[in-house]
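Chemist: Here is my input; please provide its structure:
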Amino acid sequence: MVRELVGEGVVTEDGSLDSDGGRPRKLLHIVPGYRFAVGVDVGETRVRIGLFDLAMTELATADRLIDLRRHGPETVASRILAGLTTVLAKSAIASDAVLGVGVSVPGSVRRTENLGWDPVLLEKLLGRETGLPLHFDSHAGTTGRAELWFGSGRETPGTVVAWLGSDLGACLIPGGPTTHGTRPDGGEFGHTVLVAGGRPCRCGSKGCLEAYVGAEAILDRFREAGGTIPEDADLEPALAAIVHDDQGTGVLAETHRYLGAGLGGLINLLNPARVVLGGWAGLLLGERNLDAIRDAARRHSLKHAFATTTIDLCSLGPDAATRGAATLPLEHFLNG
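Modeler: Here you go, the predicted structure:
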């Protein structure tokens, strides 16, 4: 394996280390510019496209505005293609030097509820226009990959990543490749039932966690409680305003309780060493209110399970999904 990588120019030998017995150990370094990978994060209000070398150094990024509540796969594909052209031009990289494109999408990669359309349509459009290998995963899955490769998952096996945006997902990092179910549809943390017969969820069920703590659900509950915010308000600034001041509605404290109950269920079920809260909405809620969320999780967890678990924010920030998506074509290449 190593000999093949050296022969192909993927890695290079760079000296050796003395050993206590046997032959000296050779030092190997990856050749960053051998090939490149692209990561795409399809968010609710923007797509972010990042170009990375084999050392996973980010070479260029491009953001394009979208609104997933209104835009279909054709518009999303055109924004991604424009961003791809931009990052390649910025870095003077030819498309034939790109291993592939990893794409992070809301919810499941094989279901339509979160997008309103089938992600397979996006895959077909991008494949036709780029000719590059495409690899899709959920926001939770790509954020979990980023934590495994670059974040807290490297030092803490048994980490659970909980991703919050309009949708919710979870990904377990057991110390190897990320696990979010035995099927591509696994990891639907947001569709565990919090309140039997409760608020309608866009999945068609009632009482799902997402119907209470997804970003759009928080805005809906805020309006129902008498808070004032326009119906067509952009999600991120609208949620940021509520986190700063919920106008006495009590929606913020209620959200902490609901989210804590959901995290408590994950802790009781999986007994993780660490829970990492990520996604743009998770980071917004956690940056100002992580102690309240931890306390709510404690009250909804078994005492011995919570005692061995920590709850922290994703160390890689809001761009974790883009970086994690870029590992998909790289992992496929290395696994051959």
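
Chemist: Pretty sure W149 sits against M56.
Modeler: Yes. With contact defined as C-beta atoms under 8 Å, W149 reaches M56; the gap is 7.2 Å. For glycine as for every other residue, the C-beta is placed from the backbone atoms N, C-alpha and C.

Chemist: Return every residue with contacts to both of those two.
Modeler: Listed contacts common to W149 and M56 are 323, 327; contacts here mean C-beta atoms under 8 Å, 6 or more residues apart in numbering.

Chemist: In what element of secondary structure is V103 found?
Modeler: Taking DSSP states H and E as the definition, V103 sits inside strand 98-105.

Chemist: Touching that strand from outside, list them.
Modeler: Applying C-beta under 8 Å, 6+ apart, the set of residues contacting strand 98-105 is 35-42, 80, 84, 88, 114-115, 119, 122-123, 126, 130, 132-139, 141-143, 321-322, 324-330, 332-333.

Chemist: Pull out the buried residues from those.
Modeler: For those, a burial check counting by 16 or more other C-beta atoms under 10 Å picks out 35-42, 80, 84, 88, 114-115, 119, 122-123, 126, 130, 132, 134-139, 141-143, 321-322, 324-330, 333.

Chemist: So for stretch 128-145, mean pLDDT?
Modeler: Across stretch 128-145, pLDDT averages out at 93.

Chemist: And it, how far out from the chain middle?
Modeler: 11 Å (C-alpha atoms, centre = their mean, to the nearest Å).

Chemist: Now intersect the contacts of strand 98-105 with the strands, please.
Modeler: Counted as lying in strands by DSSP state E, out of the contacts of strand 98-105, are 36-42, 134-138.

Chemist: quick one: buried residues of stretch 215-232?
Modeler: Neighbour-count burial for stretch 215-232, counted by 16+ other C-beta under 10 Å, picks out 215-222, 227.

Chemist: and what of stretch 306-319?
Modeler: Within stretch 306-319, the residues scored as buried using 16+ other C-beta under 10 Å are 306, 309, 311-314, 316, 318-319.

Chemist: next one: stretch 269-279
Modeler: Neighbour-count burial for stretch 269-279, counted by 16+ other C-beta under 10 Å, picks out 270-279.

Chemist: Out of those, give me the two with the largest separation.
Modeler: N271 and G279 (22.7 Å; C-beta to C-beta).

Chemist: Tell me which residues touch I293, please.
Modeler: Taking C-beta under 8 Å, 6+ apart as the definition, contacts of I293 comprise 256, 259-260, 263, 277, 285-286, 311.

Chemist: all helices of the stretch 201-336 of the chain, in order?
Modeler: Applying DSSP state H, counting those that start in this stretch to the stretch 201-336 of the chain gives helices spanning 210-213, 215-224, 235-244, 251-270, 280-299, 303-307, 320-335.

Chemist: I meant to write the stretch 1-150 of the chain there.
Modeler: Taking DSSP H, counting those that start in this stretch to define them, one finds helices in the stretch 1-150 of the chain at 2-8, 73-91, 119-130, 139-150.

Chemist: what's the least confident stretch among those helices?
Modeler: Set side by side, those give their lowest mean pLDDT on helix 2-8, at a mean of 71.

Chemist: Only C-alpha atoms, please: export it in PDB.
Modeler: Once side chains and other backbone atoms are set aside, the C-alpha atoms of helix 2-8 remain, and they are given as PDB (Å, rounded to 0.1, in the frame of the first residue of the first chain):
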ATOM      1  CA  VAL A   2       2.700   2.500   1.000                       C
ATOM      2  CA  ARG A   3       4.900   1.500  -1.900                       C
ATOM      3  CA  GLU A   4       2.000   2.100  -4.300                       C
ATOM      4  CA  LEU A   5       1.300   5.600  -2.800                       C
ATOM      5  CA  VAL A   6       5.000   6.500  -3.000                       C
ATOM      6  CA  GLY A   7       5.200   5.200  -6.600                       C
ATOM      7  CA  GLU A   8       2.100   7.300  -7.600                       C
END
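
Chemist: Nothing else from me, thank you.
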